[in-house]
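Build me a model:
(one chain, ligands or ions: 1)
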Amino acid sequence: MTTPFARRTSRVQPSAIRELLRLGDDPSVISFGGGYPDPAHFPTAELTSIFTDVLASGARTLQYTASVGLPRLREQIAARMTRDGTPCTADDVVITHGGQQGLDLTGKLMIDPGDVIATENPTFLGALLAFNPYEPDYAAVRTDDDGLDPAHLDEVLTRHPRAKLVYTVPDFQNPTGVSLSLERRHQLIDVANRHDVVVLEDSPYRDLRFDGDRLPTLASLDTEGRVIHLGSFSKILAPGLRLGWMMAPGPLLDRLALLKLAADTQSSTLNMAAVSTYLERHDLDAQIVRANASYRRKRDLTLATLDRLMPADVTCTRPRGGLFTWLTFPEGFDTGDFMRDTLLPRARVAYVPGATFFPTRQEPNHARLSYATLPEETLVHGLGLLAHHYAAAARA
Ligand code: PMP
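Below is the predicted model:
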């Protein structure tokens with residue numbers, strides 16, 4: 001039988017990269033590949049007693065609840081966002097199954113086949129995977145150490161009249177680790193206003209800042225009701241809880257809420273109650289400060305080791321937060337081939353080859369490294385192996 005799959009699934013394909021990454025899951029491999037937060041920072045003991053208490057508090061937490069989420073947790077999220085400079089109330093928040101669901105629902109809300117999504121070049125792979133079933137075309141926008149270039153966005157939107165959505169990760173982007181500068185945040189909003197497009201601000205790493213001042217969210221700079229902001233508990237609490245949120249102006253949020261209801265009724269009542277209780281009983285910000293101290297040390301160690309050992313023709317970004325740095329090798333070098341043929345078999349070291357993060361024209365000479373989960377000694381050892389084998393390959 002030929003299976004009559006919908007046309008949209010033609011873009012839902014396993015990738016060669018995924019296969020390579022699977023090899024990196026082998027415990028004998030030093031993997032810089034995962035995008036996981038360090039499980040050492042999960043508040044396991046606190047959550048153990050919270051889940052017990054929440055269950056003991058009655059059957060309510062095992063019942064259905066509002067599709068937009070538990071009212072108490074929506075209030076707590078709104079209070080956190082307000083303290084962070086983005087004033088909002090519980091009514092402005094819909095709780096999602098991780099930030100990833102916010103990407104899917106936004107694609108569902110905005111994208112007809114052939115509509116154009118402008119994204120950073122490179123961009124978050126998971127966003128491309130979420131958007132692809134809605135059959136968009138992508139327009140890639142230049143980025144540098146200050147994030148997306150608004151002047152280029154302006155050009156791109158002028159060239160693409162079917163552009164509807166700008167997708168951006170302004171804080172410590174995945175995969176590059178770079179952040180959008182303050183000036184560019186204002187410029188981006190200005191460009192979006194002129195072209196009348198919706199901005200999807202995806203910011204799961206926002207609280208993982210190690211240096212410098214917090215920058216305003218795009219949502220807080222929006223005066224025309226065109227920014228959808230996505231947040232997540234994955235990187236600041238634990239990703240297995242699968243809890244995130246969307247914050248958006250009423251007309252957008254109302255429709256997103258209907259799509260949330262249609263997609264999965266609601267997020268887990270039990271998990272929402274547990275996170276809400278965690279926020280009541282514990283100081284999440286203090287927990288984030290502790291995690292950031294460890295991430296900062298690993299970031300410093302990573303950059304210092306790369307500076308010391310990596311041949312000068314390889315550059316890396318210098319993230320001020322988040323989990324990733326992005327390596328750029330000389331043009332013509334293929335990080336996928338190098339990992340498959342040399343790095344994995346000879347050194348048992350893995351990263352994510354960068355090609356997968358490009359929405360349009362793939363560039364083979366980059367790699368994403370995560371410094372988050374490896375112990376410090378292993379981190380240095382693995383980077384040494386990477387530098388050694390690259391230097392040998394470059395000489396050959
Ligand atoms: N956006 C970005 C940029 C991410 O890196 C991730 C996780 N890797 C997500 C969204 C989704 O995370 P979650 O669904 O766990 O909140």
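
Enumerate the residues of the stretch 51-200 of the chain near the ligand.
Counting by C-beta under 6 Å from any ligand atom, the stretch 51-200 of the chain comes close to the ligand at 98-100, 124, 126, 169, 174. To be clear about C-beta, it is placed using only N, CA and C from the backbone, and glycine gets the same treatment.

Which helix in the protein has the most residues?
As assigned by DSSP state H, the longest helix anywhere in the chain is helix 284-309.

burial of Glu135, as a residue count?
For Glu135, the count of nearby residues is 16 (other C-beta atoms under 10 Å).

In space, what's closest to it - neighbours in sequence excluded?
Leaving aside its chain neighbours, Glu135 sits nearest to Pro113 (3.7 Å; criterion: C-beta to C-beta, 6 or more residues apart in numbering).

How about the contacts made by the one you found?
For Pro113, the contact set (C-beta atoms under 8 Å, 6 or more residues apart in numbering) comprises 8, 134-136.

What residue in the stretch 1-150 of the chain comes nearest to the ligand?
Gly98 (2.5 Å; C-beta to the nearest ligand atom).

Am I right that that residue is in contact with Ala238?
No: assessed by C-beta atoms under 8 Å, Gly98 is found out of contact with Ala238, at 11.1 Å.

Would you map out the domains in the chain?
7-42+286-395, 44-281 (the TED database).

which of the ones you listed has the lowest average pLDDT?
Among the domains of the chain, domain 7-42+286-395 carries the lowest mean pLDDT, at a mean of 93.

Give me the distance from that domain to the chain's centre.
15 Å (C-alpha atoms, centre = their mean, to the nearest Å).

Ends of it, what's the gap?
47 Å (C-alpha to C-alpha, to the nearest Å).

likewise stretch 334-344?
Using C-alpha to C-alpha, the end-to-end distance of stretch 334-344 comes to 14 Å.

hang on, the earlier thing: torsion angles phi and psi at the residue nearest to Glu135?
phi -50, psi 130 (degrees, to the nearest 10).

Can you tell me how far it is from Asp53?
48 Å (C-beta to C-beta, to the nearest Å).

next one: Asp196
49 Å.

ok, those two, which is more surrounded?
More crowded of Asp196 and Asp53, by other C-beta under 10 Å: Asp53, with 14 against 11.

and that one, how far is that from Gln266?
21 Å.

again, but for Ile189
Counting by C-beta to C-beta - Ile189 and Gln266 are separated by 32 Å.

Confirm Leu327 sits in a helix?
No: assessed with DSSP: H, G, I helix; E, B strand; the rest coil, Leu327 is strand; it does not lie in a helix.

Count the neighbours of it for me.
Quick note: Leu327 (other C-beta under 10 Å) scores 21 neighbours.

cool, and the one 4 residues further on?
If you count neighbours by other C-beta under 10 Å, Glu331 ends up with 9.

Also the one 5 residues further on?
Using other C-beta under 10 Å, the number of residues around Gly336 comes to 19.

residue contacts, Ala394?
Per C-beta under 8 Å, 6+ apart, neighbours of Ala394: 311, 313, 330, 333.

which SS state does the last one fall under?
In terms of secondary structure, Phe333 is coil; the call rests on three-state DSSP.
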